[in-house]
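[1] just coords:
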């Protein structure tokens, strides 16, 4: 129900390794680790209304955004990091069960240490061959990394392989080009559907006396993958979950407490909407009880929206594994400053006006690794630059910021009384579809800049001197003030309480 469920872009999503793995060094010393992907551009989300509008405007928006960013040279990048924990018999850390995939460890207790980087610098040339046939598997490990007794991980070690056997037509899916290892492979796996190799020899087993003992098992010194020895604690082995698995609320409580007021508003709105569409009172009551066990304020606000009484919690407010961390900064999306690579900048122009500075502005935006999109009443070119969107095809949800370089006249095809895309007629001085772009960008807390006649459109549709509004004498100066606003993703001050 938090903002992470509606990401602005795949390029701005964080990857959490829910499972715990075991690492070993050359001396045989082991540690437990969790893997993380940290996006270079930070973690950012859509607003609820943006997500709804995008579902109709462009259902492929996220895939298109990723492909366009790669094609434009704004290559998406994520840092690979690990949280490291002592390898103890209990396999816990600060009271948190590391074998419970539903639990995370706050970064205040175990910082994420960067160990590598993933960069996407090419789009697939054949989507089926390079994407649809990928065979992911948690058992694809290199020497030095081993699995743990995480029950969900143990199931996945079987289920992923079982799935690939059916989905990819047989046991030799690892020989498909997209799945093939870069290093030579020498194993005893022969025949089967889709076999690509022509194996020699008459004895594909070990030991044998027909082929001089070949093949034989490689040793650890040859780089073979070996299972790490793990000391088993004394006790009784039984098919039961650890008592820590019964802690259902402490981490949800930690997440809620770590949110800013804006993010809390979004969570309340999401719960209120989803439960408001549910017409079974028993389900509503059960969910409100869960919210009461997380936080009284959260429950009370959602209950008020539903017109229902807020129940009392059935567990103590301090029950669970909160430990020494009451709030965790990395859980919130606000408060940071991030690169603007790949951001989409809409530029509204009047094709009949003087646009001699448009080309220089366009080049400045490109040089900042952003994507400028010229918006005009009709297609063609303006100042030698192709029109990227007409007023009939432009949608505010595509853009991260809006620049008003002009105030185009009301176009002949503008019919606000019958065209829902045009929005309310508003001021007769502003083309209704331009007004709709401004209104939505304002409502979604996006930066808006204007100069020249564009200032007339801005002043007609927004609050004077509102947060995140930049009016200047020329486009370069306005852009210089817009970029720092983009680094914060949104103009958060514009969100009123309860929006």
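    On my side now, so go ahead. The shown structure was predicted, so the numbers you read here are calculated from the model rather than taken from an experiment.

[2] switch to C-alpha atoms for all contacts and neighbour counts from now on
    Noted.

[3] Check which residues of the host helix or strand of residue 52 are buried.
    Counting by DSSP states H and E, the element that carries residue 52 is helix 48-57. Buried residues in helix 48-57, defined by neighbour count with 16 or more other C-alpha atoms under 10 Å: 50, 51, 53, 54, 57.

[4] what do you get for stretch 158-171?
    For stretch 158-171, using 16+ other C-alpha under 10 Å, the buried residues are 161, 164, 168, 171.

[5] Now it: average pLDDT?
    Average pLDDT, stretch 158-171: 91.

[6] who touches it?
    133, 135, 136, 137, 138, 173, 192, 193, 194 (C-alpha atoms under 8 Å, 6 or more residues apart in numbering).

[7] mind listing the strands for the stretch 201-350 of the chain?
    344-348 (DSSP state E, counting those that start in this stretch).

[8] dump the residue contacts of residue 183.
    Per C-alpha under 8 Å, 6+ apart, neighbours of residue 183: none.

[9] This protein - how does it break down into domains?
    3-194, 248-331, 344-494 (the TED database).

[10] Tell me which of the ones you listed sits nearest to residue 211.
    domain 3-194 (13.3 Å; C-alpha to C-alpha).

[11] Could you identify which of the domains of the chain is most buried?
    domain 344-494 (a mean of 19; mean count of other C-alpha atoms under 10 Å).

[12] Show me the buried residues of stretch 158-171 that map onto helices.
    161, 164 (DSSP state H).

[13] got the buried residues of stretch 158-171 as a markdown table, with distance to residue 216 columns?
    Below are the buried residues of stretch 158-171 laid out as a markdown table (distance: C-alpha to C-alpha, whole Å):
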| residue | distance to residue 216 |
| --- | --- |
| 161 | 25 |
| 164 | 27 |
| 168 | 29 |
| 171 | 22 |
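
[14] farthest pair in the buried residues of stretch 158-171?
    161 and 168 (10.4 Å).

[15] any low-confidence regions in the stretch 301-450 of the chain?
    317-324, 416-428 (pLDDT under 70).

[16] what about the helices in the chain?
    48-57, 61-72, 127, 151-167, 250-258, 261-276, 281-294, 296-306, 358-367, 432-443, 454-461, 475-487.

[17] show me the contacts for residue 137.
    Residue 137 touches 156, 157, 160, 161, counting by C-alpha under 8 Å, 6+ apart.

[18] try residue 82
    Contacts of residue 82 (C-alpha under 8 Å, 6+ apart): 33, 34, 35, 36, 112, 113, 114, 115.

[19] Grab the nearest non-local neighbour of it.
    residue 35 (4.7 Å; C-alpha to C-alpha, 6 or more residues apart in numbering).

[20] I'd assumed residue 84 was in contact with that neighbour.
    No - checked against C-alpha atoms under 8 Å, the pair residue 35 and residue 84 is beyond contact range at 9.2 Å.

[21] separation between the nearest residue to residue 327 once chain neighbours are set aside and residue 389?
    Spatial nearest neighbour of residue 327, excluding adjacent residues (C-alpha to C-alpha, 6+ apart): residue 258 at 4.6 Å. Distance, residue 258 to residue 389, by C-alpha to C-alpha, to the nearest Å: 40 Å.

[22] And residue 280, by the same measure?
    Taking C-alpha to C-alpha, one finds residue 280 at 45 Å from residue 389.

[23] where does the stretch 101-250 of the chain have low pLDDT?
    Using pLDDT under 70, nothing in the stretch 101-250 of the chain is flagged.

[24] What sits closest to residue 253 if chain neighbours are left out?
    Using C-alpha to C-alpha, 6+ apart, the nearest residue to residue 253 is residue 294, at 4.9 Å.

[25] what's near enough to touch residue 91?
    Here residue 91 is in contact with 97, 98, 99 (C-alpha under 8 Å, 6+ apart).

[26] from the residues you listed, which single one is nearest residue 401?
    Nearest member of those to residue 401, counting by C-alpha to C-alpha, is residue 98, at 42.0 Å.

[27] quick one: the closest one and residue 20 touch, right?
    Yes - with contact defined as C-alpha under 8 Å, residue 98 counts as touching residue 20 (6.3 Å).

[28] got any residues that touch both of the two?
    residue 150.

[29] So for residue 498, what's the pLDDT?
    At residue 498, pLDDT is 37.

[30] about what we covered before: can you put the helices of the chain in a markdown table and add distance to residue 339?
    Output for these, formatted as a markdown table (distance: least, C-alpha to C-alpha, whole Å):
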| stretch | distance to residue 339 |
| --- | --- |
| helix 48-57 | 22 |
| helix 61-72 | 14 |
| helix 127 | 29 |
| helix 151-167 | 35 |
| helix 250-258 | 24 |
| helix 261-276 | 22 |
| helix 281-294 | 35 |
| helix 296-306 | 33 |
| helix 358-367 | 13 |
| helix 432-443 | 20 |
| helix 454-461 | 27 |
| helix 475-487 | 6 |
